[in-house]
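**Q** just coords:
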DNA sequence: CTCGTGTGAGACGAATTTGTCTCAAGGTGT
DNA sequence: ACACCTTGAGACAAATTCGTCTCACACGAG
C-alpha cells in the first residue's frame, strides 16, 4: 500500500489525498484511517524508506574489502530503494532543514565513512570530499530512478549506470 | 525580481503566493499584476532559466576542441544557472510529462550531442549512454546547487565538484 | 444466522488559498 | 499644481482541500 503511494507521489508530489487514495486503490476515508493527514503518510513513507535503506547498507557491508567493491555493492543494494529515495529527495526541499529526523544521520555517516575509507586507502582520489561524494551519490541514485521512471533508461541498467559514473565518470574503462 | 522568487521557491517549492510576494519584497497584489497565478510565474521562471541556459551553452562552445574541455566549459558556464535548474528539476516532477515545452529539446540535444561526440572521438568510455550522461549531468548540477544552498559545500567549489565527478568519478587523477 | 470488522460513498463545516476589487498613498512628468 | 501611473493594504467571494462524521454494504468467525 505504501509502495503504491510512493510510486504515485514520485510522479505527482503535490497530489491531493483524494488522488493518492484513488491511485492506491482505496477510498479517501480508508486512507485517512491508516494515516491521519499527509504528514503521517510522508512520515510512514520515510520510515519505510529508512528501514529499507538501513537493510541495504547492512547487506552491502561497506567496511569490508576494497572500497571500490563496497561502493559497487552499495549501489546494487540501493536499487530497490531508489524510487523511495527519489521521492524523499524531492520532498526534502519543502521541509524545515532542522526538523529532519536524526535517523538520516546514521545513514549519511555510514556512506561518508565509506568515501573516507576509500580516500584513506588511496583507492579514491583526494580532490572530492566525502561529503560531496555522498550528496552526489544520492543525486545520481535519484536521477537514475527518475530516468528509469521516465522511460529514458532501462531498469536493469541502474546499477551499472550509477556505479560506472561514480567510479570512473565519463573516462574509458 | 524573478531571481528572488527563484531563490525562495528553491527552498519552499509549495510556498503560498503570499509568502512568495513577501519574500520577493512586493505585495501580493503587485505580484499578481505581473504574473497572474502560480502557473505564469513558473512559466516565466522557466523561460528565464532557459534563456540563461541557452546563453551558457553558447558560451561553452560545446562543439569546439576536445570534448573533455567542452564539458569543463559547460559545467563552469552552468554554475550561475544551477539554482534555477535545481528549482525546475524539483518542480518538473509535478507536471504532465508531455506538456513540457519543446525548448528543453534544444538544450537536451546539445548536451547529448556533446556526450556523443566525446564517445565518438574515444575521449569518453563507450559504456555510459549519452542520454544517461545528460540526465546525470542535470542531477549533479542540481545536487551541487542543493549542497551549496544547504551549506554542505562552498560555492566556489561548484565547478570542480561537478567536473571532477563527471570526468573521473572517485578515481585518482 | 448473527455479530463484529473493515471498507466505500457521500455529506458537512472549517481552514486555506486564490482571484478580484476598491481605495489611499507615493512618486513622476508636464 | 495637476494628471497619471504604480504600488500597498485590505476586503470579499469562489474554489480547493482537509478532517470528520454518518450510513450502508460486504465478508469472515463464531
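**A** Now that the structure is in, tell me what you want to look at. Remember, predicted model here, so these are calculated numbers, not experimental data.

**Q** Which positions in chain A make contact with DNA strand C?
**A** Residues of chain A found near DNA strand C, taking CB under 7 Å from any atom of the strand as the criterion, are A:25-30, A:33. From N, CA and C alone the C-beta is placed, and that goes for glycine too.

**Q** buried subset of those?
**A** For the residues of chain A next to DNA strand C, burial is judged from neighbour counts taken by 16 or more other CB atoms under 10 Å in any protein chain shown, and it is met by residue A:26.

**Q** so which helix or strand takes in the residue of chain A positioned farthest from its centre?
**A** When each C-alpha in chain A is compared with the mean C-alpha position (CA atoms, centre = their mean), residue A:29 comes out farthest, at 29.9 Å. Following DSSP states H and E, one finds residue A:29 within helix A:28-34.

**Q** Would you mind checking the average pLDDT for that helix?
**A** With pLDDT averaged residue by residue, helix A:28-34 scores 93.

**Q** quick one: it to chain centroid distance?
**A** Its chain's C-alpha centre lies 27 Å from the corresponding centre of helix A:28-34 when counted by CA atoms, centre = their mean, to the nearest Å.

**Q** Are the very next helix or strand once past it and chain B in contact anywhere?
**A** Heading C-terminal from helix A:28-34, the first helix or strand you meet, by DSSP H and E, is helix A:37-60. No. When contact is scored as CB under 8 Å from any CB of the partner chain, no part of helix A:37-60 falls within range of chain B; the minimum is 11.0 Å.

**Q** buried sites along helix A:37-60?
**A** A:41-42, A:44-46, A:48-50, A:52-53, A:56-57, A:60.

**Q** Over in chain A, which residue gets nearest DNA strand D? Let me know.
**A** For chain A and DNA strand D, the shortest gap (CB to the nearest atom of the strand) falls at residue A:37, measuring 2.9 Å.

**Q** What's the per-residue pLDDT of that residue here?
**A** Predicted confidence (pLDDT) for residue A:37: 89.

**Q** same thing with the one 4 residues further on?
**A** Turning to residue A:41, the model gives it a pLDDT of 92.

**Q** for the one 4 residues further on, same thing?
**A** According to the model's per-residue confidence, residue A:45 sits at a pLDDT of 92.

**Q** so it makes contact with residue A:88?
**A** Yes. Applying CB atoms under 8 Å as the test, residue A:45 and residue A:88 come out as touching, 7.3 Å apart.

**Q** Enumerate every residue touching the residue in chain A that DNA strand C sits nearest to.
**A** DNA strand C sits closest to residue A:30 of chain A, with a gap of 3.1 Å, by CB to the nearest atom of the strand. The neighbourhood of residue A:30, defined by CB atoms under 8 Å, 6 or more residues apart in numbering or on different chains, consists of residue A:21.

**Q** Over to residue A:71?
**A** Going by CB under 8 Å, 6+ apart, residue A:71 touches A:114, A:118, A:163, A:166-167, B:170.

**Q** Switch these over to JSON lines; also include neighbour count and secondary structure.
**A** Formatted as JSON lines, the entries for those read as follows, by neighbours: other CB atoms under 10 Å in any protein chain shown; DSSP: H, G, I helix; E, B strand; the rest coil:
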{"residue": "A:114", "neighbour count": "24", "secondary structure": "helix"}
{"residue": "A:118", "neighbour count": "22", "secondary structure": "helix"}
{"residue": "A:163", "neighbour count": "19", "secondary structure": "helix"}
{"residue": "A:166", "neighbour count": "25", "secondary structure": "helix"}
{"residue": "A:167", "neighbour count": "19", "secondary structure": "helix"}
{"residue": "B:170", "neighbour count": "26", "secondary structure": "coil"}
